[in-house]
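[1] kindly generate the corresponding structure for this input.
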Amino acid sequence: MPWADGDRVKTDGSFTTPWRTLQIAEAPGDLITSYMVLNLNDPCALDDTSWIQPHKYLGIWWGMHIGKYTFWESPTHGASTGNAKDYIDYCAKFGIDHLLIEGWNKGWTPAWYENAMHMFSFTQATDDFDLKVVTDYAREKGVKIIGYHETGSNLINYLKQIDAGMELYRSMGVNDVKIGQVGSRLNMTEWHHGQFGVRYYREVLRKAAQYQLTVNFHEPIKDTGERRTYPNMMSREGARGMEYDAWSEGNPPDHTATIPFTRMLSGPMDFTPGILDVAISQGYEGRDVHTTAAKQLALYVVLYSPIQMLADLPEHYDGHPAFPFLQDVPVDWEDTRVLNASIGEFVTIARKDRHSDDWYLGSLTNEAPRDFALPLSFLDAGASYEATVYGDADGISWKDKPHEVTISRRTVGSTDTLTLKLAPGGGAAVRFQKM
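    Next up, the predicted model:
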């Protein structure tokens, strides 16, 4: 994309062009397990990476997108000290050790998402929020806070404050920050995907590393594997994620059967799955997530990211029979096998936990029902596993009783075949626990 003045490239001398790649595979699933783009990047540039940790997290986030809370100061402000403490209590109860808090700082207005040079503060809290009180309370509960910098694409304002904002997080023991660039142009003039944008995103990534902050970019440029060089680049948005189901016509059922072969080939995506209240009962009229609940579970295996949000309101997890899968499923994988795939139609992926002998499987479909017979040859030969299967209930679809989940258990081994029945718009998730 050109600069605002029409220039394609600005340089004062010689420069190195980026790689241009073409991925070719014999089967669709082989595209998913190709690491060519990642491996074309330079080796790690950071001496110490001990502060970079994969994790799952809750968030004061979905409530704003469905209209229960506001980003800005109001009687229903999501990021109040009291509400943050409630969410921290849920994290401690569920065993989820990170919490994202959005909207805690000055500058949010009801028009925050419109194209304009919004003036956010990255150090001054709203009148109903105390960052130190919240981070201290989280620390007592064994929970780490994830910070948020929404720039509104006003990068002039952000870059003036970036050191102060990142130092504030570092001083509070925060090691992770989500950074948003909402707006059709950066500074309302430059394309996100032009040379200006490439330089900006890389500058912020390096700056974050100086403050030992991992980064989750939203409204990003495409991933080009730079996480190999800067492993604090954890994940990014870069496609229509779960939030679109909250306030728009939503993502069709084939969306998550397509992006593993398009957007996801470039790198991890912060899709923010896990909506078990699939009808969005506290949201806008006529909105739902266009999947079954079991498919929401499958997304944690199918859509890779070393950070994964449990995006629903925490009260919808409390006591839900399928929630144990979200508590158990890892985000740090040792091995990946694509068991079947047809682009835009269906995909089944099995992944092995890096820190145990357990495997997890996610399978999902588009609008069509599917019956699969899946060989379990990826399991260790001669070993027995307890398979806990979370599937679609009989007779449901993404339009009819999508919340119904069946849970079954059986003992399996590497010579067995697992049969799965996916509802229209549905899915299945399985934990294989080595016995």
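
[2] dump stretch 153-171 to CSV, restricted to CA.
    These are the backbone C-alpha positions of stretch 153-171, laid out as CSV (Å, rounded to 0.1, in the frame of the first residue of the first chain):
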residue,chain,number,x,y,z
SER,A,153,-5.1,5.0,15.3
ASN,A,154,-4.0,8.4,16.7
LEU,A,155,-0.3,7.3,16.7
ILE,A,156,0.9,10.8,17.2
ASN,A,157,-0.8,10.8,20.6
TYR,A,158,0.2,7.2,21.4
LEU,A,159,3.9,7.5,20.6
LYS,A,160,4.2,10.6,22.8
GLN,A,161,2.9,8.5,25.7
ILE,A,162,4.1,5.0,24.9
ASP,A,163,7.1,5.0,27.3
ALA,A,164,5.1,6.4,30.2
GLY,A,165,2.3,3.9,29.5
MET,A,166,4.5,0.9,29.2
GLU,A,167,6.6,1.9,32.2
LEU,A,168,3.4,2.2,34.2
TYR,A,169,2.4,-1.4,33.3
ARG,A,170,5.9,-2.7,34.1
SER,A,171,5.9,-1.0,37.5
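
[3] who's in contact with that stretch?
    Among residues not part of stretch 153-171, those counted as contacts by CB atoms under 8 Å, 6 or more residues apart in numbering are 115, 117-123, 131, 147, 149, 151, 177, 181-188, 200, 204, 207-208, 210-213, 219. C-beta: built from backbone N, CA, C; applies to glycine.

[4] give me the buried entries from the residues you listed.
    Neighbour-count burial within these applies to 118, 120, 122, 131, 147, 149, 151, 177, 181-183, 185-187, 200, 204, 208, 211-213, 219; the criterion is 16 or more other CB atoms under 10 Å.

[5] stretch 19-26: end-to-end distance?
    End-to-end span of stretch 19-26 (CA to CA, to the nearest Å): 23 Å.

[6] buried sites along that stretch?
    Buried residues in stretch 19-26, defined by neighbour count with 16+ other CB under 10 Å: none.

[7] tell me how far the closest residue in space to Val329 that isn't next to it in sequence lies from Pro273.
    Sequence neighbours aside, Tyr300 is the residue nearest to Val329 in space, at 4.8 Å (criterion: CB to CB, 6 or more residues apart in numbering). From Tyr300 across to Pro273, the span is 6 Å (CB to CB, to the nearest Å).

[8] shared neighbours, these two?
    Common contact partners of Tyr300 and Pro273 (CB under 8 Å, 6+ apart): Gln308.

[9] residue contacts, Met119?
    Counting by CB under 8 Å, 6+ apart, Met119 touches 107, 154, 157.

[10] which element is it on?
    Met119 is located outside every helix and strand, with elements delineated by DSSP states H and E.

[11] ditto for Phe432
    Using DSSP H and E, Phe432 sits within strand 427-434.

[12] go on, Leu168?
    With DSSP H and E as the test, Leu168 turns up in helix 155-171.

[13] where exactly do the helices run in the stretch 201-350 of the chain?
    Secondary structure of the stretch 201-350 of the chain (DSSP state H, counting those that start in this stretch): helices located at 244-247, 293-302, 323-328.
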